[in-house]
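In: I need the structure of the sequence given here:
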Amino acid sequence: MATVVLLGTLDTKGDEYAYLRSLLDAHGVETILIDAGVLGEPRATPDVTREEVARAGGADARALADAGDRGAAVEAMARAAAEIVTALHAEGRLDGLLGLGGSGGTAVATEAMRALPVGVPKLMVSTMASGDTRPYVGATDVTMTYSVVDIAGINAVSARILSNAAAAMAGMVTADPPAVEGGKPLVGATMFGVTTPCVTAARERLEELGYEVLVFHATGTGGQSMEALMRSGFITASLDVTTTELADDLVGGVLSAGPDRLEAAGELGIPQVVSLGALDMVNFGPAETVPAEFRDRLLYKHNPTVTLMRTTAEECAELGRRLGRKLSAAQGPVTVFIPLRGVSLIDVEGQVFFDPAADRALFDALREALDPGVDVRELDTHVNDPAFAHAMVDTLHEHYEAWTAAGARA
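Out: As a prediction, the model looks like this:
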């Protein structure tokens, strides 16, 4: 029988969780109820108490309650809840995770959800689900349902919403996984509109060689999602053509994947081939949203909702240094490909972002920052030349075959 873990703050949502538990029982699903509240007495009887949760995170529930700091309590219990649910999953006692709540309960439950592997059903019924959900979903497969009314008692509306949530979760945990052709190694590839020709040619070539390719749009969450799948063991080789998210992180664009981007493959030791796709640009929203400090820079209206800003030589040099440090720390096979004639569709002669001096600053700083042992290939092409794509693929294929032959992949 499938088991759904219910995680929430039973001091404020105990009645609602008891109702949700009864709905899941009616679907023939086992439940484990975890209490992550600390500031009031629980209104339902948990299977895992708040004291047990707090201890899992190295905290004390009574001390958190006595401190009276709700924000600190939410942070501590969120971290601890993540420890509890990952342990339950490792023990085979968690087939899905379901939560409900307002801002605090959503923060606690979704932090635990993000700690679980991709593919484990995760459903959050939340008052926050109609706004910006990125802080809650992150780069994982969390499903969020807007509660419509506040989660404060069982009424005509909340009963239907919770009934739908229970039915959805019961269906997810009892459904047979789809039959998927096995045996093909998964390659993660990053793409932007301005590197699409390169990645398309690379994907077709990789498929000919027997790989399955997962393409990620390099929009911040795209890079995070790819690296999360690496850490979950799904992706075992990386064709990181489009490293543009690093530019947004450096300059302050809207598509940053955070400061740790481009580190997962190296830490895991999986084969990777990396290039400099779209490092000529930083991303903003509509033109009127570009920060005032950048209004005099070279801007390009990519479409009505996206404005691109050309990176300067100084910014490109810093990007080269950052790439060099990250790739030099890699524990597995890595090759860097440099397209000497441009890093995007609009960074070629005659196009709006063509700037040889800025590109040269990027290339020179990268070469200087890379350890001598890192393989570097410089091709006298632009990034979207099919020859460039095929060269990257052939190198990745060589790395992967050598890596598997050495027994690195079980």
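
In: quick check: buried residues in stretch 151-168?
Out: Neighbour-count burial for stretch 151-168, with 16 or more other Cβ atoms under 10 Å as criterion, is recorded at Ile151, Ser158, Ile161, Leu162, Ala165, Ala166, Ala168. Heads up, the C-betas are built off the backbone N, CA and C, glycines and all.

In: what sits against Tyr19?
Out: For Tyr19, the contacting residues are Ile154, Ala159, Leu162, by Cβ atoms under 8 Å, 6 or more residues apart in numbering.

In: so it, which state does it fall into?
Out: Per DSSP: H, G, I helix; E, B strand; the rest coil, the secondary structure class of Tyr19 is helix.

In: quick one: the strands in the stretch 1-150 of the chain?
Out: Applying DSSP state E, counting those that start in this stretch to the stretch 1-150 of the chain gives strands spanning 3-8, 30-35, 96-101, 122-126, 143-146.

In: out of those strands, deepest packed?
Out: By mean neighbour count, with neighbours taken as mean count of other Cβ atoms under 10 Å, strand 96-101 ranks first of the strands of the stretch 1-150 of the chain at a mean of 28.

In: can you give the domain ranges for this structure?
Out: Segmentation of the chain into domains, based on automatic domain parsing, reads 3-174, 186-405.

In: now render these as a markdown table, adding mean pLDDT.
Out: As requested, the domains of the chain are arranged in a markdown table below (pLDDT from 0 to 100):
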| stretch | mean pLDDT |
| --- | --- |
| domain 3-174 | 94 |
| domain 186-405 | 97 |
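
In: now Trp403: closest residue in space, sequence neighbours ignored.
Out: Distances taken as Cβ to Cβ, 6 or more residues apart in numbering place Pro271 nearest to Trp403, at 5.1 Å, with adjacent residues excluded.

In: wait, doesn't the one you found sit right on Gly332?
Out: Yes. Applying Cβ atoms under 8 Å as the test, Pro271 and Gly332 come out as touching, 6.0 Å apart.

In: quick one: common contacting residues for those two?
Out: Jointly contacting Pro271 and Gly332 under the rule Cβ under 8 Å, 6+ apart are Ala265, Trp403.

In: more neighbours: those two, which one.
Out: Taking other Cβ atoms under 10 Å, Pro271 and Gly332 do not tie; Pro271 has more neighbours (28 against 17).

In: which residues touch the more buried one?
Out: Neighbours of Pro271 in contact, by Cβ under 8 Å, 6+ apart: Thr236, Ala237, Ser238, Ala265, Gly332, Pro333, Val334, Leu396, His399, Tyr400, Trp403.

In: export those to TSV and tack on secondary structure and distance to Ala369?
Out: Output for the contacts of Pro271, formatted as TSV (DSSP: H, G, I helix; E, B strand; the rest coil; distance: Cβ to Cβ, whole Å):
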residue	secondary structure	distance to Ala369
Thr236	coil	27
Ala237	strand	24
Ser238	strand	19
Ala265	helix	18
Gly332	coil	19
Pro333	coil	19
Val334	strand	14
Leu396	helix	22
His399	helix	21
Tyr400	helix	26
Trp403	helix	24
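
In: save the residues you listed as TSV, and put in distance to Gly350 too.
Out: Compiled in TSV, these are given as follows (distance: Cβ to Cβ, whole Å):
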residue	distance to Gly350
Thr236	40
Ala237	35
Ser238	32
Ala265	35
Gly332	39
Pro333	37
Val334	33
Leu396	31
His399	35
Tyr400	37
Trp403	40
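
In: which of these sits closest to Thr244?
Out: Relative to Thr244, the closest of those is Ser238; by Cβ to Cβ it sits at 15.4 Å.

In: the closest one - how many residues pack around it?
Out: Ser238 has 27 neighbours, counted by other Cβ under 10 Å.

In: Gln272 is in contact with that one, correct?
Out: Yes. Counting by Cβ under 8 Å, Ser238 sits close enough to Gln272 to count as a contact (3.9 Å).

In: which neighbours do the two share?
Out: In terms of Cβ under 8 Å, 6+ apart, Ser238 and Gln272 are both contacted by the residues Ala265.

In: which residue is the nearest non-sequential neighbour of Gly222?
Out: Phe216 (4.0 Å).

In: and the one you found, that one's in a strand?
Out: Yes. The assignment for Phe216 (three-state DSSP) places it in a strand.

In: what bridges to it?
Out: Legend: beta-bridge partners of Phe216 under DSSP bridges are Thr190.

In: next: Val48.
Out: Counting by DSSP bridges, the residues bridging with Val48 are Ile34.

In: likewise Leu97?
Out: In this structure, Leu97 bridges to Val5, Lys122 when assessed by DSSP bridges.

In: what residues are up against it?
Out: Residues near Leu97 by Cβ under 8 Å, 6+ apart: Val4, Val5, Leu7, Val85, Ala109, Ala112, Met113, Leu116, Val120, Pro121, Lys122, Leu123.
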